[in-house]
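Colleague: Sequence first, then the predicted structure:
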Amino acid sequence: MPDIQKTLVLLKPDALQRDLLGEIIARFERKGLKIVGMKFIRLNDAMLDEHYAHLADKPFFAGLKKFMMQTPVVGMVFEGFGAIEEVRKIVGSTNPLSADAGTIRADFSMAVPSNLIHASDSVENAQAEVNRFFAPEEIFQYEKITDKFVFGEGI
Ligand code: UDP
Ligand code: MG
């Protein structure tokens, strides 16, 4: 069994504009991923320079930042077995036209940058991104009555 991990998700401005926040969150809830942090975040230039530093030299960087600042985004921290990889699976690949059917990006979007959602892609990035957007007191540990069905008796 993989470790229990935390991972960061951002629901992008197109998800908010298109009334897809609930639909997207429901997919993670149904999987059994536990929401341990959730809030609106108004991204600014400095936050995006840090978050998308790996794309700074790309021609679409300025447009991507502008897009990400159009509305607040919904920041979420999900917890579960192998959560980093599981969330990426549910999200689908970056270009919605090559994402697998059944993933959020394939099912609800058609282009970049408006592919609805960001999700951490490695253990190192998940830790850095959770810390970037959430203070320790904004991450909650709590029991749900369904925990034993979702996580098994081992928890
Ligand atoms: N993006 C874009 N054009 C591209 C590649 C990426 O606008 O050709 C945007 C898109 O919104 C993507 C984000 O930049 O989600 C971050 O890119 P990354 O390669 O990290 O993809 P992700 O991890 O989001 O799948
Ligand atoms: Mg990425």
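Modeller: It's in. Ligands and ions are numbered 1, 2, ... in the order given.

Colleague: ranges for the strands of this protein?
Modeller: 4-11, 34-41, 73-81, 117-119 (DSSP state E).

Colleague: could you dump these to TSV with mean pLDDT and distance to ligand 1?
Modeller: In this view, the C-beta of every residue, glycine as well, is placed from N, C-alpha and C. TSV is the format used below for the strands of the chain (pLDDT from 0 to 100; distance: least, C-beta to the nearest ligand atom, whole Å):
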stretch	mean pLDDT	distance to ligand 1
strand 4-11	98	9
strand 34-41	98	16
strand 73-81	98	12
strand 117-119	99	5
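
Colleague: In TSV, list these along with distance to Glu23.
Modeller: Below are the strands of the chain laid out as TSV (distance: least, C-beta to C-beta, whole Å):
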stretch	distance to Glu23
strand 4-11	10
strand 34-41	15
strand 73-81	12
strand 117-119	11
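
Colleague: Which other helices and strands does the lowest-mean-pLDDT helix or strand in the chain contact?
Modeller: When the helices and strands of the chain are scored by mean pLDDT, DSSP states H and E, helix 147-151 comes last with a mean of 93. Using 3 or more C-beta pairs under 8 Å, 6 or more residues apart in numbering; DSSP states H and E, the elements in contact with helix 147-151 are strand 73-81.

Colleague: So what's the gap between the strand it packs on and the chain middle?
Modeller: How far strand 73-81 lies from its chain's middle: 6 Å, per C-alpha atoms, centre = their mean, to the nearest Å.

Colleague: thinking again about what came up before, with mean neighbour count and distance to Arg27 as extra columns, can I get the strands of the chain in a markdown table?
Modeller: Below are the strands of the chain laid out as a markdown table (neighbours: other C-beta atoms under 10 Å; distance: least, C-beta to C-beta, whole Å):
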| stretch | mean neighbour count | distance to Arg27 |
| --- | --- | --- |
| strand 4-11 | 22 | 11 |
| strand 34-41 | 16 | 12 |
| strand 73-81 | 22 | 11 |
| strand 117-119 | 23 | 10 |
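
Colleague: State the distance from the residue sitting furthest away from the middle of the chain to Phe28.
Modeller: Most distant residue from the mean C-alpha position of the chain: Glu153, 27.5 Å away (C-alpha atoms, centre = their mean). Plainly put, Glu153 is 23 Å away from Phe28 if you go by C-beta to C-beta, to the nearest Å.
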